[in-house]
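Q: have a look; sequence and predicted model below, questions after that.
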Amino acid sequence: MAGAMRKMGEYLGLVEQADFDDAYDEDPAPARESRTPAVVRPATVASIDERRRPVSRAAAGDVSRIETVTPRTYNDARVVGENFRSGVPVIMNLSEIEDDDAKRLVDFAAGLVFGVHGSINRVTAKVFLLTPENVLVSDEDKQRIAGGGFYDQT
């Protein structure tokens, strides 16, 4: 700490500069043996498709279930993320959560679908459909979900 304060004082001209010539050794460091550099070969570059994780079987085949999540706190985002990440489409009903937490959950869901190449669709004002990459939802399906036809099934 004192060294830093001294340097600041020297810079501002408040303290005389210290003579550091004595601190250096008079003998230069012994010369290192010269070595020839190793031959550097460029590594093969893998395609981005080879580096992606394989698509889960649930996302690749036909979808046999859709998970409906009605979060009550922001901590329920984990349930949404785990289901979606495993390849299951998720209906996120935000009607029973405060508006601030609902906005955070929508931001979380947007990042989630972006990271896994999925999509997010607003069904109603507080209901969102998160679909994995290989799942397509037609406009008719969206209208049926918005009309309540999907929720009537229990």
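A: That came through, no problem. Residues are numbered from 1 along each chain as shown.
Q: next, give phi and psi for the closest residue to Gly118 other than its chain neighbours.
A: Leaving out its chain neighbours, the residue that sits closest to Gly118 by CB to CB, 6 or more residues apart in numbering is Pro132, at 4.8 Å. Where C-beta positions appear, they are placed from N, C-alpha and C, glycine not excepted. Backbone torsions for Pro132, taken as degrees, to the nearest 10, come to phi -70, psi 180.
Q: now Thr70
A: Thr70 adopts backbone torsions of phi -120, psi 90, taken as degrees, to the nearest 10.
Q: C-terminal to the helix or strand of the chain with the lowest mean pLDDT, what's the next element?
A: One helix or strand of the chain scores below all others by mean pLDDT, DSSP states H and E: helix 57-60, with a mean of 44. The helix or strand immediately downstream of helix 57-60 is strand 67-69, counting by DSSP states H and E.
Q: hmm, back to that, the residue nearest to Gly118 reaches Val116, doesn't it?
A: Yes: in terms of CB atoms under 8 Å, Pro132 counts as a neighbour of Val116; the distance is 6.6 Å.
Q: neighbour count winner among these two?
A: Pro132 (23 against 17; other CB atoms under 10 Å).
Q: return the set of buried residues in the helix ranked longest in the chain.
A: Secondary structure of the chain read by DSSP state H shows that its longest helix is helix 99-115. Neighbour-count burial for helix 99-115 flags Asp101, Ala102, Leu105, Val106, Phe108, Ala109, Leu112, Val113 (criterion: 16 or more other CB atoms under 10 Å).
Q: ok, now stretch 125-133?
A: Val127, Phe128, Leu129, Leu130, Thr131, Pro132.
Q: what separation is there between the last one and Met92?
A: As judged by CB to CB, to the nearest Å, Pro132 and Met92 stand 14 Å apart.
Q: ok, now Val15?
A: Computed as CB to CB, the Val15 to Met92 distance reads 64 Å.
Q: more crowded one of the two?
A: More crowded of Val15 and Met92, by other CB under 10 Å: Met92, with 28 against 13.
Q: cheers, nothing more for now.
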